[in-house]
Every structure is written in C-alpha cells, then in structure tokens.
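*Asks:* dropping a prediction and its sequence here:
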Amino acid sequence: MNFGSLSLNPGAQTDFVLGESKFSAFIGGLGSGKTYAGILRGLKFALQPKPHGVFHPPHGLIAAVSYPALRDVIIPKLQEVMFLTGLADFERDFSKSEMTLRLKNGAIIRLRSLDKPDNIIRGPEYSWAFIDEGRNTSLEDWKLIGGRLRQAGYKRGAWVASTPNGYDWMHRVFSKDGDLHATEYPDALWYNAPMRENIHLDEDYLAEMEVSYSGRWYDQEVLGRFVGMVEGGVFAEWDPQKFCLPLEFRPELPLYTGWDFGIGDPGVCVFFQTEWKKVELAPGKNHYLPCIYVVDLLEAKDLSSSEWASMYREHLEEAFPPGTLARNYGDPAGMQRRVGVQTSVIQDLRAAGVEITPAQRRSPDYAIRILSNMMADQRVFVDSEKAKRVSNALASHKWKIDKDGIKTGTDPVHDWTSHIVDALRYGVSMLPLRPREGEEPPDKLDPGPMTYSHVFDQLIKPEPKKQWLGRSTKGKLPKFVPIAPIGPDQPRPKREPRPRERMNAAN
C-alpha cells in the first residue's frame, strides 16, 4: 500500500498496519511508532471505495483519553501524515471547532475525547476506530466504541496502540492468556514492538531511554512487554514471573477461602492454603510464619446466594479432598441486612449450608501491609493454571495517583482487580502472623474478635478463673466478710472525722 513518502518500520509496525484482523493491538515500547501505526491503519480503512448504493463515505474515529492528548499528540502527527501522503490539505480540510478531518476522497475522520464517552461517541456510526494510549482508557471505552462499528458497506475494524501497563484490559482482550480473549475476542491479534524497531530514532535517544529504565520497568517501557508493572501499583513487591508458578494441592495443609460478595459487581471466592515455616528472625530466636499458596478461584456475576452456595459446594467436592477445608472468611459488609429482604448475604449462605466467618472490620491498608510484607519475604505464591487471574490482579492493583505520580487518597482504584484482591485480603487479615516463640503453629486459626465464631466460643467455652472485670485471679482471692445490716434500734458506727473537720477542731 502506498503512503507517499511515509515509510513503515519493518516488523511489527508493518504487520499491524497491513493486517486484516477486525480487532488488533499495537503494543510497543516508548518511541516505537505506536501512534503513527494507529493512524496509518486508519487511512487504510478510510481509503475504501464507496460501494454502489451507499450514500456516505467511510467514517472513522480516533479517540484519546482527553482533549489535551488529542491536541498535543494526535493532531501534530495527523497533520504530518497528511502532509507526507497528500491525502488532505490539513489547514483547509480540518475543522478545529468540530475536531473533524475530511480527506480528498470524502472520507471523514473524527477526533474525540474519552473523558465523557457517552455524550460524544454514542450516536455516530463508524467503519473503523482507533484508541491511542489505551493504557489510559478502560474496557468500557473499548466496548462502547466497538458497538459503533456498524457503518454498512465497508470493512470494519477497531484497534488500540499503547505501552503496556500491568495486566489491564488490553492484556485481557488481546493476549492469549487473557480471559476475554478466550471468550469474547478469540480472533483479536496482538503485535509487539520494542523501541529499537523504530528505525527513525537516533542512537542518543535510544541509549538515554535504555539507561533510564532497568529490570522489569525496562521490559515494559522499552521492550513493550506485559510484565505486571503498573504506575501507582499497590503491591510493588509482586513479580508474576517469580511467584506465579504451577502449584500442587497439598492435602496435609489446611484450606481456606476468602469471599468478596458482589452486588452488581462480580463475586469472588479465592481458595488458599497456609503452611507454617520455622524462621530464625534473630540468633537463637525462632518463629513460625505463614506462607500462602493460592490454589484456585471462583468468579461469577448476578448469582443468588443459593446459586453461589451450590456452585461453591460442587467445586469444593470436585477440586479438593473431603475434610481439607478449615474455614471460610468473607467481607464483613456481608452481614448487613438488605433492604426489602431482611436477611444478609452471609445469613443466606449459611441457610444454604455454607458457613462464612465475617472478617474483622479494618481499613484496606491493614491487609495490604500484611500481603506486601509477605511478598517481600517471598511467602505468597499463586497457581499459574487455576488462579492466574489472582496473580494478574495483584500485579495490576493500583492507587489513585496525580499527574506527578503521587498517591492520592487511602483506597486503591476500584476496578476489576478490586474484587479478587479484596477476597484474598479478607482471608489473609484473619491469619495469626506471629505465634509466640517456641509455639507450634495452630491446627485451627483463631477466628479473632468481632466475629460470631469468637463470641460463640466465649459462650460455649468461657475462660476459667476470670472475674467479671477480667482481673487476674492468680493466688488467693480476698476473703469476703459480710457486714450485718443495721437495725432501727442499733446505733450507727462512728465514722472517722474528715481532714477539714480535724483542722477546725484543732483551731
């Protein structure tokens, strides 16, 4: 295909622009020519001849996260491409007020911001659409734009160009390991381009970028690989390449579950085992510390409590030997009664035969610190076959950050990762993390205060030798000497004078 004096980089960029897939992604490192590739692929669709009987020429869409992104990134590159290809006189054919470019063949390209997609994108029909820097957008934006590809008579397609950012929606849609790729987008293609594939970059810039990044950040920002790094990541210590690996269920270890109850959102049940390992924290001082092995995951949406209980019991019987389950821990908000039903989710699950112990009400930061410390000690592992979504969620869970990359607020961003991470932290927050020196690890974990199981244990097995105020009863209790009641004819005992009375009497 002739783009005038504008040439394509050999490799991923050429394959992406000339590819025929309806849904595709150009995932590359910094400076790898992603925006150019997205625009040139759009020109291929915009130059389609108008079929007989079709009134409108092909309409296309270029979308970015905000208007400044369109103004500072898309428009200059689009202007350069029009100059090099001669497909439009940009100064004459571009309307800044309408953010619309009309090519010489009549094709229309609209530039739109995704800050308010419902108000701008709904309505028009397109034959093609391109999202620039998809790492700054969402799956909802992608699906909304995909729903507008219905202009009749033309070949249709949608694509995205971006640098990776954790295991976000692009990984889910385009990677062969993504859950949405397997279910909704089986034909979507992913083209990867490292920075050095761009033959137009000078060596000084390449050397500067390669020095600026190292480790996994280098793999992501320079090579354009999905390695589980995200700006503002909650779990900086989580490395999927180290801690997400094949695990075997071990019947000798107890099995626990953590539940996050989705109301309008997906519900999640995470299965994990704990192993207590003897660790020498100081010379001569040993402690038992728990390791966590996440071995399975259940996700579902819009299920009733009875349906959840049935699915959970069937999965438990099929996947695990009987008698290995120790306890289920759930979101404490599951004890709140629902309006119009007068029962809570946990009550309904208990009625369906699934006993859930509500976790203690703590801030999310409490369990986040626990998990971060355990990851730093290499004591958290995830099965790469049955629970890889847990690993991806831990890698992509992020804080809200400002333009300078500074954390804002105390709660992480609420997205698809939240439900999985919350389910895990409810279970982890109930683990006793430091048994006393010399103690053996417990067979069953203490349910902890503020839980029903703890209250019932106190009622059934009250602690011995405890007074009602909880004082220590070591040694002999003081002898109780009853005082005889004073009758009407008996004189009252003479009391000792008060200090002021003694001072007045002396004067």
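*Replies:* Thanks, I have the structure now.
*Asks:* please pull out the lowest mean pLDDT helix or strand from the protein.
*Replies:* Using mean pLDDT, DSSP states H and E, helix 452-460 stands out as the lowest-scoring helix or strand of the chain, at a mean of 55.
*Asks:* that one: what's the following helix or strand?
*Replies:* Following helix 452-460 in sequence order, the next helix or strand is helix 499-506 (DSSP states H and E).
*Asks:* so which elements touch that following helix?
*Replies:* Contacting helix 499-506 under the criterion 3 or more CB pairs under 8 Å, 6 or more residues apart in numbering; DSSP states H and E is no other helix or strand. Quick note: C-beta positions are derived from backbone N, CA and C, even for glycine.
*Asks:* tell me which residues touch residue 67, please.
*Replies:* Residues near residue 67 by CB atoms under 8 Å, 6 or more residues apart in numbering: 113, 115.
*Asks:* mind redoing it with 7 Å?
*Replies:* Contact analysis of residue 67 by CB atoms under 7 Å, 6 or more residues apart in numbering lists residue 113.
*Asks:* residue 37 too?
*Replies:* 13, 16, 17, 26, 161.
*Asks:* neighbour-wise, give me the winner out of the residues you listed.
*Replies:* residue 26 (31 neighbours; other CB atoms under 10 Å).
*Asks:* wait, a helix at that residue?
*Replies:* No - counting by DSSP: H, G, I helix; E, B strand; the rest coil, residue 26 is not part of a helix but strand.
*Asks:* that one contacts residue 170, correct?
*Replies:* No - in this structure, residue 26 is not within contact of residue 170 by CB atoms under 7 Å, at 10.3 Å.
*Asks:* state the number of residues packed around residue 307.
*Replies:* The burial count for residue 307: 12, using other CB under 10 Å.
*Asks:* nearest residue to it in space, ignoring adjacent ones along the chain?
*Replies:* Closest residue to residue 307 apart from its sequence neighbours, by CB to CB, 6 or more residues apart in numbering: residue 300 at 8.0 Å.
*Asks:* check residue 279 too.
*Replies:* residue 289 (5.0 Å).
*Asks:* residue 76: helix or strand, and which one exactly?
*Replies:* According to DSSP H and E, residue 76 maps onto helix 75-85.
*Asks:* so how far is that helix off the chain centroid?
*Replies:* 38 Å (CA atoms, centre = their mean, to the nearest Å).
*Asks:* what of stretch 245-261?
*Replies:* Using CA atoms, centre = their mean, the offset of stretch 245-261 from its chain centre is 20 Å.
*Asks:* residues contacting stretch 399-408, please?
*Replies:* 231, 232, 234, 409, 412, 413.
*Asks:* domain ranges for this protein, per the record?
*Replies:* With domains defined by automatic domain parsing, the chain comprises 12-221, 240-458.
*Asks:* ends of the shortest one, how far apart?
*Replies:* Okay, so that is domain 12-221. Domain 12-221 stretches 16 Å from its first residue to its last (CA to CA, to the nearest Å).
*Asks:* how long is stretch 26-43 end to end?
*Replies:* Stretch 26-43 has an end-to-end distance of 16 Å (CA to CA).
*Asks:* check contacts around residue 149.
*Replies:* The contact partners of residue 149, taken as CB under 7 Å, 6+ apart, are 126, 127, 129, 156, 158.
*Asks:* need those residues in a markdown table (columns: neighbour count, secondary structure and pLDDT).
*Replies:* Listed next are these as a markdown table, based on neighbours: other CB atoms under 10 Å; DSSP: H, G, I helix; E, B strand; the rest coil; pLDDT from 0 to 100:
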| residue | neighbour count | secondary structure | pLDDT |
| --- | --- | --- | --- |
| 126 | 24 | strand | 93 |
| 127 | 25 | coil | 94 |
| 129 | 26 | strand | 95 |
| 156 | 18 | coil | 94 |
| 158 | 24 | strand | 96 |
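*Asks:* for the residue nearest to residue 279, what are phi and psi?
*Replies:* Residue 289 adopts backbone torsions of phi -120, psi 140, taken as degrees, to the nearest 10.
*Asks:* what count of nearby residues applies to it?
*Replies:* 18.
*Asks:* these two touch, right, it and residue 280?
*Replies:* No - counting by CB under 7 Å, residue 289 does not reach residue 280; the two are 10.7 Å apart.
*Asks:* which residues in the stretch 151-300 of the chain form helices?
*Replies:* Applying DSSP state H, counting those that start in this stretch to the stretch 151-300 of the chain gives helices spanning 169-174, 179-183, 203-212, 215-221, 240-243.
*Asks:* need the CA coordinates for stretch 326-338. PDB is fine.
*Replies:* What follows is stretch 326-338, C-alpha atoms only, in PDB (Å, rounded to 0.1, in the frame of the first residue of the first chain):
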ATOM      1  CA  ALA A 326     -10.700 -25.300  57.600                       C
ATOM      2  CA  ARG A 327     -12.700 -22.100  57.300                       C
ATOM      3  CA  ASN A 328     -14.400 -19.600  55.000                       C
ATOM      4  CA  TYR A 329     -13.800 -15.900  55.600                       C
ATOM      5  CA  GLY A 330     -15.900 -13.200  54.000                       C
ATOM      6  CA  ASP A 331     -16.400  -9.400  53.600                       C
ATOM      7  CA  PRO A 332     -17.900  -8.100  56.900                       C
ATOM      8  CA  ALA A 333     -20.300  -6.000  54.900                       C
ATOM      9  CA  GLY A 334     -22.000  -9.300  54.000                       C
ATOM     10  CA  MET A 335     -23.600  -9.200  57.500                       C
ATOM     11  CA  GLN A 336     -25.600  -6.100  56.600                       C
ATOM     12  CA  ARG A 337     -29.300  -6.800  56.000                       C
ATOM     13  CA  ARG A 338     -30.500  -5.900  52.600                       C
END
